[in-house]
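*Asks:* I'll drop the sequence and a predicted model, then ask my questions.
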Amino acid sequence: MRYITFVIPQVDDERCSNGDCDNPAVNSEAIQYINLLDDGTGVGLYQLRGGAEQGVEVLEANQDVLACEVSGASDGLVYVHFRANTLMTDLLSLLRQYEIVVDWPMEYTDQSGLRITMLGEDKKIREAITGLPDDIQITLEGIGEYHPDMRQVASLLTERQQEMLELAINEGYYEMPRRATLSDLAENVNISAGTVGEHLRKVETKVLMEIV
């Protein structure tokens with residue numbers, strides 16, 4: 001079974017009120033699950049950062065949100081019933097058409113993009129990517145043979161280490177040739193290059209020890 005991971009940049013979705021996706025009250029970490037209903041609306045479980053109650057207030061002000069409720073069992077988890085926009089309708093319809101499975105959760109990036117990992121046969125994945133509408137632009141992050149423990153490696157990292165790793169990948173630190181130095185990364189997060197390097201060395205050590 002193969003996987004492909006890509007990012008859709010600047011996702012405007014039902015988290016936005018009056019087009020404002022930068023409101024910290026609806027700063028999302030992930031979509032734990034989302035599905036289209038027969039009536040054209042959608043339901044999803046969103047993981048919000050910070051206070052979920054304030055996030056619900058902002059969501060309820062959005063005319064495309066039909067209902068939302070905070071989960072009492074998990075901090076920051078919110079159930080949302082919404083009018084599905086073109087992006088989600090096209091994307092989820094495509095998954096069903098080509099028999100593709102999502103490796104949940106879908107993760108929001110710091111730039112308001114949406115990172116998605118899809119699983120399936122190599123031919124089906126290529127057909128699904130080719131079938132994306134022209135107005136859905138993606139940035140490829142990874143493709144290859146899927147291993148169920150891939151997300152387990154990420155779970156070994158602290159939140160800060162995950163942030164540093166994501167920054168390094170996004171800025172091209174691990175590309176050949178490198179597009180960014182430790183000093184470049186340090187400027188983004190207002191810490192020293194030595195501290196960034198220490199974070200990344202710890203990340204690399206944990207990852208290598210897990211896969212060797």
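*Replies:* That came through, no problem.

*Asks:* list the buried residues of the top helix by length along the chain.
*Replies:* In the chain, with assignment by DSSP state H, the single longest helix is helix 193-211. Buried residues in helix 193-211, counting neighbours by 16 or more other Cβ atoms under 10 Å, are found at 196, 199-200, 202-203, 206. Where C-beta positions appear, they are placed from N, C-alpha and C, glycine not excepted.

*Asks:* all helices for the protein, in order.
*Replies:* For the chain, the helices defined by DSSP H cover 52-60, 86-97, 122-130, 150-155, 159-171, 182-189, 193-211.

*Asks:* the spatially closest residue to V56 that is not a sequence neighbour and G44, how far apart?
*Replies:* Of all residues not flanking V56 in the chain, C68 sits nearest, at 5.3 Å (Cβ to Cβ, 6 or more residues apart in numbering). Using Cβ to Cβ, to the nearest Å, we find C68 at a distance of 10 Å from G44.

*Asks:* cool, E99 as well?
*Replies:* For E99, the distance to G44 equals 21 Å [Cβ to Cβ].

*Asks:* which one's more surrounded, these two?
*Replies:* Remark: of E99 and G44, G44 carries more neighbours, 22 against 11, as counted by other Cβ atoms under 10 Å.

*Asks:* looking at it, that one is touching V80, isn't it?
*Replies:* Yes: the pair G44 / V80 is scored as a contact, 5.3 Å apart, by Cβ atoms under 8 Å.

*Asks:* this protein - how does it break down into domains?
*Replies:* 2-145, 150-211 (automatic domain parsing).

*Asks:* okay, those, which one's buried deepest?
*Replies:* Burial of these is given as mean neighbour count (mean count of other Cβ atoms under 10 Å); domain 2-145 ranks first at a mean of 16.

*Asks:* for this protein, give me the ranges with low pLDDT.
*Replies:* For the chain, the stretches flagged by pLDDT under 70 are 11-27, 50-52, 72-75, 148-156, 209-212.

*Asks:* on that earlier part again, same list (the buried residues of helix 193-211) but as JSON lines, adding distance to I136.
*Replies:* Shown next, in JSON lines, are those (distance: Cβ to Cβ, whole Å):
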{"residue": "V196", "distance to I136": "33"}
{"residue": "H199", "distance to I136": "33"}
{"residue": "L200", "distance to I136": "32"}
{"residue": "K202", "distance to I136": "36"}
{"residue": "V203", "distance to I136": "31"}
{"residue": "K206", "distance to I136": "34"}
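
*Asks:* so which of the residues you listed comes closest to V189?
*Replies:* Nearest to V189 out of the buried residues of helix 193-211 is V196 (Cβ to Cβ; 7.2 Å).

*Asks:* done for today, thanks.
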